[in-house]
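Student: how would this look folded up:
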Amino acid sequence: MAEFLFDDEQNMIRIDMSEYMEKHAVSRLIGAPPGYVGFDEGGQLTEAVRRRPYSVLLFDEIEKAHFDVFNVLLQILDDGRLTDSHGRTVDFKNTLVIMTSNIGSQKLINHSEKEFSGKTVRAEQKKLIMQELRQHFRPEFLNRVDDTVVFHSLQKEHMKGIIKIQLGD
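Tutor: Residues are numbered from 1 along each chain as shown. Reported below is the predicted structural model:
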């Protein structure tokens, strides 16, 4: 996606949110406060976007992040900018933000497609996922997300097509 949008796959910034489960981990995103170890290094998020403002920013497994991390994300999603620990404002307005989550995936596995009614299977599955997201995330966070895409399980015919491509047939 980064290569398609910005002509360089290096413009992909991936942040594994399982590394930000602790309260103090927020400082790793924007940089350590003055006087603390790592202050000179800057934040992993702010430095990456400051150096490559035209980027695809992937927050992988967003549900694993500590509650305080979402305050940082709210500022990015609302204002399109973030101030790092050095007082520099980093502009996110040219950054495409994508978040992945496994929230609701277990519910989809537990509900067979037969439990959903006919032609509206995908709509009902998305409704189920959205209910799960609303239980986990604060409304002010979800209201700043433009769209939610539900990835469905591959069907056998899809898997056969992938195998054919991989085998070169």
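Student: When you work out contacts or count neighbours from here on, use the C-alpha atoms and nothing else.
Tutor: Will do.
Student: Excluding sequence neighbours, find me the nearest residue to Arg52.
Tutor: Distances taken as C-alpha to C-alpha, 6 or more residues apart in numbering place Asn11 nearest to Arg52, at 6.6 Å, with adjacent residues excluded.
Student: Quick check: Lys160 vs Phe151, distance?
Tutor: Counting by C-alpha to C-alpha, to the nearest Å, the separation of Lys160 from Phe151 is 18 Å.
Student: more crowded one of those two?
Tutor: Legend: neighbour count by other C-alpha atoms under 10 Å for Lys160 and Phe151, higher for Lys160 (12 against 9).
Student: Assumed the more buried one was part of a helix.
Tutor: Yes - the assignment for Lys160 is a helix, going by DSSP: H, G, I helix; E, B strand; the rest coil.
Student: show me the contacts for it.
Tutor: The contact partners of Lys160, by C-alpha atoms under 8 Å, 6 or more residues apart in numbering, come to none.
Student: which stretches of this structure form helices?
Tutor: For the chain, the helices defined by DSSP state H cover 2-6, 26-30, 44-51, 67-79, 105-110, 121-136, 139-142, 156-167.
Student: Report the buried residues of the fifth one.
Tutor: Buried residues in helix 105-110, counting neighbours by 16 or more other C-alpha atoms under 10 Å, are found at 105, 108.
Student: for that helix, packing partners?
Tutor: In terms of contacts (3 or more C-alpha pairs under 8 Å, 6 or more residues apart in numbering; DSSP states H and E), helix 105-110 is packed against helix 121-136.
Student: Dead centre of the protein: give me the residue that sits there.
Tutor: Nearest residue to the geometric centre of the chain (C-alpha atoms, centre = their mean): Met99, 1.4 Å.
Student: Would you check that it makes contact with Val56?
Tutor: No - here Met99 does not reach Val56: they are 10.5 Å apart, not a contact under C-alpha atoms under 8 Å.
Student: Keeping just the C-alphas, turn the helix or strand bottoming out on mean pLDDT in the chain into PDB.
Tutor: Counting by mean pLDDT, DSSP states H and E, the chain has its least confident helix or strand at helix 105-110, which shows a mean of 83. The C-alpha trace of helix 105-110 is given here as PDB (Å, rounded to 0.1, in the frame of the first residue of the first chain):
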ATOM      1  CA  SER A 105     -12.800 -12.700  15.700                       C
ATOM      2  CA  GLN A 106     -13.500 -15.300  18.300                       C
ATOM      3  CA  LYS A 107     -17.200 -14.400  18.200                       C
ATOM      4  CA  LEU A 108     -17.200 -14.800  14.400                       C
ATOM      5  CA  ILE A 109     -15.500 -18.200  14.800                       C
ATOM      6  CA  ASN A 110     -18.100 -19.300  17.400                       C
END
